[in-house]
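Peer 1: Sequence and predicted structure, then a few things I'm wondering about:
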Amino acid sequence: MARVNPPAMAGQFHANFIGGISQAFDNEKSFSISEPAENQLRISMLESGWMMNNITLLDVEELQGQCIEIGESTLYTGRSINGRFNRELKVAGTDYSLADTDSCASLSYERMGTIANIGGIEHFTQTVSDFFGMAISLDMLRVGLNGQRIAYPTDPIANPKGEDVNIGWHTIAKDFNSGSQVITDELTLGEGGEFP
């Protein structure tokens with residue numbers, strides 16, 4: 001096995017990445033990010049893909065429960081002969097259950113050095129940050145669309161679309177009301193099946 005020495009750029013990136021955290025905390029204690037930082041992370045994830053900004057991410061306090069959603073995407077503006085136009089808000093509840101899930105990826109020192117040598121630490125930091133933001137967002141979509149069950153441990157080789165990471169939207173729809181919301185007829189998106 002060939003040994004590759006870590007490039008100085010990797011050390012610099014690591015120091016920059018954990019600098020603020022290591023000054024305030026040691027690795028024996030837990031910490032949490034501030035609400036503004038958490039909101040910024042959520043916004044970044046939602047802006048990372050064309051479909052992500054159409055997904056609702058709700059904070060929850062418990063491992064199991066029900067999220068209450070108020071309103072729906074419908075028209076609330078109009079006129080009425082019998083006084084003011086009014087439309088009642090729809091209130092719906094969605095059951096949820098959380099499971100511990102990790103998101104992690106790694107780079108070899110060799111590849112890290114190659115990326116860093118192309119454009120310096122700023123290029124490296126931006127490239128890696130962009131990748132991880134997109135990767136986590138795509139995983140959310142992958143699992144959200146294809147998830148069938150929660151398995152311990154997961155097997156990404158046998159389940160490349162995250163079928164065993166969590167229960168996804170299709171599975172929830174199939175289980176709800178005997179699958180009445182699931183389209184079973186053939187469907188073509190775009191002319192000739194070419195979706196832009």
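Peer 2: Everything's here; your move.
Peer 1: Surely Gly65 is in a strand?
Peer 2: Yes. Read with DSSP: H, G, I helix; E, B strand; the rest coil, Gly65 is one of the residues of a strand.
Peer 1: count of neighbours near the nearest residue to it once chain neighbours are set aside?
Peer 2: With sequence-adjacent residues excluded and distances taken as Cβ to Cβ, 6 or more residues apart in numbering, Gly65 is closest to Tyr96, at 6.2 Å. Yep, even glycine has a C-beta here, placed from its N, CA and C like the rest. Residues within reach of Tyr96, counting by other Cβ atoms under 10 Å, total 15.
Peer 1: quick one, phi psi at Tyr96?
Peer 2: Listed backbone geometry of Tyr96 is phi -140, psi 160, with angles given as degrees, to the nearest 10.
Peer 1: List the residues that contact it.
Peer 2: By Cβ atoms under 8 Å, 6 or more residues apart in numbering, the contact set of Tyr96 is Val60, Gln64, Gly65, Gln66, Cys67.
Peer 1: Redo these as TSV? Include neighbour count, distance to Cys104 and pLDDT.
Peer 2: Output for these, formatted as TSV (neighbours: other Cβ atoms under 10 Å; distance: Cβ to Cβ, whole Å; pLDDT from 0 to 100):
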residue	neighbour count	distance to Cys104	pLDDT
Val60	11	23	75
Gln64	9	25	89
Gly65	14	27	87
Gln66	12	30	85
Cys67	13	27	78
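Peer 1: Tell me which two in those are the farthest apart.
Peer 2: Greatest spatial distance among the contacts of Tyr96 (Cβ to Cβ): Gln64 and Cys67, at 11.1 Å.
Peer 1: mind checking how far Gly144 is from Thr171?
Peer 2: The spacing between Gly144 and Thr171, counted by Cβ to Cβ, to the nearest Å, is 10 Å.
Peer 1: Asp155 too?
Peer 2: Per Cβ to Cβ, Asp155 is found 17 Å from Thr171.
Peer 1: Great, nothing more from me.
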